[in-house]
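A.B. asks: Got a sequence here, can you model it:
(one chain, ligands or ions: 1)
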Amino acid sequence: MRTYNNYVAGAWTPSVSGRTFENRNPANNDEVIGLFQDSTAADVEAAVNAAAQAYATWRLVPAPKRAELLLAAAARLVEQKETFARDMTREMGKVLEETRGDVQEAIDMTQFMAGEGRRQYGQTVPSELRDKFAMSVRQPLGVCSMITPWNFPMAIPSWKIAPALVCGNTVVFKPATLTPLSAVNFVKVLEEVGVPAGVVNLVTGGPDIGTRMTTHDEVKVVSFTGSTAVGRLVNQNAATGFKKVHLEMGGKNVIIIMDDAQLELAVDGCLWGGFGTTGQRCTAASRVVVHEKVHDAFLDEFAARAKALRVGNGLEPTTQMGPSVSESQLQTVMKYVEIGKAEGARLVTGGRRLDSGACARGWFHEPTIFADVTPSMRIAREEIFGPVVSVMRCSSLDQAIAIGNEVAYGLSASIYTRDINKAFQAMRDLYTGIFYVNAPTIGAEVHLPFGGTKATGNGHREAGTAALDVFSEWKSIYVDFSGKLQRAQIDT
Ligand code: NAD
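C.D. replies: Below is the predicted model:
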């Protein structure tokens with residue numbers, strides 16, 4: 001059994017706790033992927049100290065030079081893509097095609113942020129005074145704590161670490177306890193390409209170390225992706241130290257299908273949006289609002305296609321949907337199926353755990369669709385994070401948009417229609433951070449901002465150049481070359 005260490009100050013070291021935790025394959029519980037460090041606050045202390053020390057020199061490395069390391073890292077990720085994808089499928093269950101996509105996203109993001117090493121544009125503006133120069137530049141902030149979930153084990157860390165590094169910050173990174181191997185793989189790549197000791201530090205472990213990472217005086221930025229409940233705690237804990245806090249949290253995303261939609265296309269989108277990653281995406285299409293004129297035709301086809309999805313081990317090439325990530329996630333799914341039934345929703349397909357044959361040793365569940373769901377039901381409002389889709393009816397676009405906006409979250413939304421007026425109205429009126437036309441709620445690209453409104457986010461965005469705003473702050477600089485005291489207009 002292989003034991004993996006933390007990475008602190010450029011060395012792979014065990015936790016001072018002397019304890020480890022197991023990482024098991026959710027498709028086959030008999031398989032232990034490895035043992036990982038069950039770290040403590042003392043390990044965080046060492047990691048933050050290392051990051052603070054490294055910051056003194058890393059911030060002075062020219063950004064294009066920092067970017068060269070990112071570019072080298074991206075190339076290394078390309079070389080190891082298949083190995084990393086297989087490791088990821090084994091540790092969290094999603095099908096190989098999707099874990100390849102996860103690594104690809106890390107490649108794309110690392111390449112994109114490497115490009116920012118030669119940009120990070122500021123502004124040069126005319127001064128109101130003669131012989132005076134005025135400009136703004138981005139500056140790094142210092143040590144950044146990165147706390148990430150398990151559903152995109154390499155992509156999400158890359159969304160945070162690549163922009164933080166190119167801006168000149170240093171990092172303490174804590175992945176979810178369910179996916180530490182992908183974190184180790186990513187950090188190893190950064191080590192191999194020569195990111196200096198202390199610039200990126202990895203500590204594995206649970207909520208306690210997360211708390212320390214959000215309260216430590218030396219930490220200037222906290223970037224968190226995970227559930228809204230934990231995000232709220234992170235926000236509260238970091239508030240007293242006036243840290244910059246970037247939160248990406250839960251979702252309850254909607255696909256609207258109008259009566260003029262291409263139904264086959266909409267069914268394809270709902271299958272992929274609802275059951276891709278076993279419904280364990282923050283952008284999962286867990287709600288579908290269908291115009292009453294096409295409701296029954298859509299539902300029949302959607303249910304038949306969902307029922308036919310092949311569920312199993314994600315390493316098998318024929319598998320279309322893997323397991324839930326853990327027993328507790330599966331229990332949540334099963335609990336919500338019971339809630340849906342008790343609320344009076346109609347179970348159209350699925351609804352049961354799969355625990356025989358090839359699924360006997362894992363946390364599998366049938367793709368599940370409820371119809372006759374009303375917007376006030378819990379299955380229509382609460383994030384389930386599993387293969388459960390709630391289908392609702394509407395009689396107009398206005399009603400569909402109202403239903404779409406009725407939840408606490410605001411990450412992603414989509415509309416299927418051939419009417420450009422309807423598409424634009426929905427684009428304007430659905431209050432989400434991401435919007436799709438004739439495509440499902442998932443599938444973001446790395447060069448546009450990613451994030452949500454309301455209980456999904458706190459106004460910051462991941463990815464694109466928007467990420468630079470999280471990991472840098474503006475300094476405005478005035479250079480007076482007149483040789484005399486010139487007072488600004490406000491002072492005269
Ligand atoms: P989670 O909130 O349980 O855990 C996220 C991370 O926070 C983990 O690393 C965990 O160990 C850590 N943590 C737990 N308690 C903490 C504390 N008190 N202080 C600091 N850190 C703590 O989420 P999860 O189950 O890993 O992931 C699923 C959730 O993530 C879903 O709600 C999903 O919507 C969300 N998510 C959001 C996005 C987005 O971009 N909006 C992307 C992916 C996942």
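A.B. asks: CA atoms for contacts and neighbours, from now on please.
C.D. replies: OK.
A.B. asks: How about the residues of the stretch 51-200 of the chain by the ligand?
C.D. replies: Within the stretch 51-200 of the chain, the positions adjacent to the ligand are 147-150, 174-177 by C-alpha under 6 Å from any ligand atom.
A.B. asks: Show me where the stretch 1-150 of the chain has its strands.
C.D. replies: Here the stretch 1-150 of the chain has its strands, by DSSP state E, counting those that start in this stretch, at 3-4, 6-8, 11-13, 20-25, 28-37, 124-126, 132-139, 143-147.
A.B. asks: hey, which of these is tucked in deepest?
C.D. replies: Of the strands of the stretch 1-150 of the chain, the one with the most neighbours on average (mean count of other C-alpha atoms under 10 Å) is strand 143-147, at a mean of 29.
A.B. asks: Can you give the contact residues for that strand?
C.D. replies: With C-alpha atoms under 8 Å, 6 or more residues apart in numbering as the test, strand 143-147 has contacts from 48, 51-52, 55, 157, 160-161, 164, 169-176, 210, 213-214, 218-225.
A.B. asks: Go again with 6 Å.
C.D. replies: Residues external to strand 143-147 that are found in contact with it (C-alpha atoms under 6 Å, 6 or more residues apart in numbering): 52, 169-175, 213, 219-224.
A.B. asks: picking that back up, so which of the strands of the stretch 1-150 of the chain gets nearest residue 354?
C.D. replies: Residue 354 lies closest to strand 28-37 among those, at 12.9 Å (C-alpha to C-alpha).
A.B. asks: could you pull out the helices for the stretch 301-450 of the chain?
C.D. replies: 327-343, 378-381, 397-405, 420-429 (DSSP state H, counting those that start in this stretch).
A.B. asks: I'd like the strands of the stretch 1-150 of the chain written out as a markdown table, with distance to residue 259 and mean pLDDT added.
C.D. replies: Shown next, in a markdown table, are the strands of the stretch 1-150 of the chain (distance: least, C-alpha to C-alpha, whole Å; pLDDT from 0 to 100):
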| stretch | distance to residue 259 | mean pLDDT |
| --- | --- | --- |
| strand 3-4 | 54 | 98 |
| strand 6-8 | 54 | 98 |
| strand 11-13 | 58 | 98 |
| strand 20-25 | 43 | 97 |
| strand 28-37 | 43 | 97 |
| strand 124-126 | 51 | 98 |
| strand 132-139 | 49 | 98 |
| strand 143-147 | 42 | 98 |
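A.B. asks: now the contacts of strand 143-147: which count as buried?
C.D. replies: 52, 169-175, 213, 219-224 (16 or more other C-alpha atoms under 10 Å).
A.B. asks: Just the residues you listed: which are in strands?
C.D. replies: 170-174, 219-224 (DSSP state E).
A.B. asks: between these, which is nearest the ligand?
C.D. replies: Nearest to the ligand among these is residue 174, at 6.0 Å by C-alpha to the nearest ligand atom.
A.B. asks: I'd like the distance between that closest one and residue 7.
C.D. replies: Distance, residue 174 to residue 7, by C-alpha to C-alpha, to the nearest Å: 11 Å.
A.B. asks: Equivalent analysis for residue 256, please.
C.D. replies: On the measure of C-alpha to C-alpha, residue 256 and residue 7 end up 46 Å apart.
A.B. asks: Likewise for residue 458?
C.D. replies: For residue 458, the distance to residue 7 equals 30 Å [C-alpha to C-alpha].
A.B. asks: Ok, residue 239 next?
C.D. replies: Taking C-alpha to C-alpha as the measure, residue 239 falls 28 Å from residue 7.
A.B. asks: now residue 101
C.D. replies: To residue 7, residue 101 is 26 Å away according to C-alpha to C-alpha.
A.B. asks: again with residue 283
C.D. replies: In terms of C-alpha to C-alpha, residue 283 sits 31 Å off from residue 7.
A.B. asks: do residue 416 as well
C.D. replies: Applying C-alpha to C-alpha to residue 416 and residue 7 gives a distance of 47 Å.
A.B. asks: circling back to that earlier point, looking at the helices of the stretch 301-450 of the chain, which one is packed in the most?
C.D. replies: Greatest average neighbour count among the helices of the stretch 301-450 of the chain goes to helix 378-381 (a mean of 22), per mean count of other C-alpha under 10 Å.
A.B. asks: List the contacts of residue 66.
C.D. replies: Counting by C-alpha under 6 Å, 6+ apart, residue 66 has contacts residue 166.
A.B. asks: Near the ligand, which residues of the stretch 251-400 of the chain? Just list them.
C.D. replies: So the stretch 251-400 of the chain meets the ligand at 251, 281-282 (C-alpha under 6 Å from any ligand atom).
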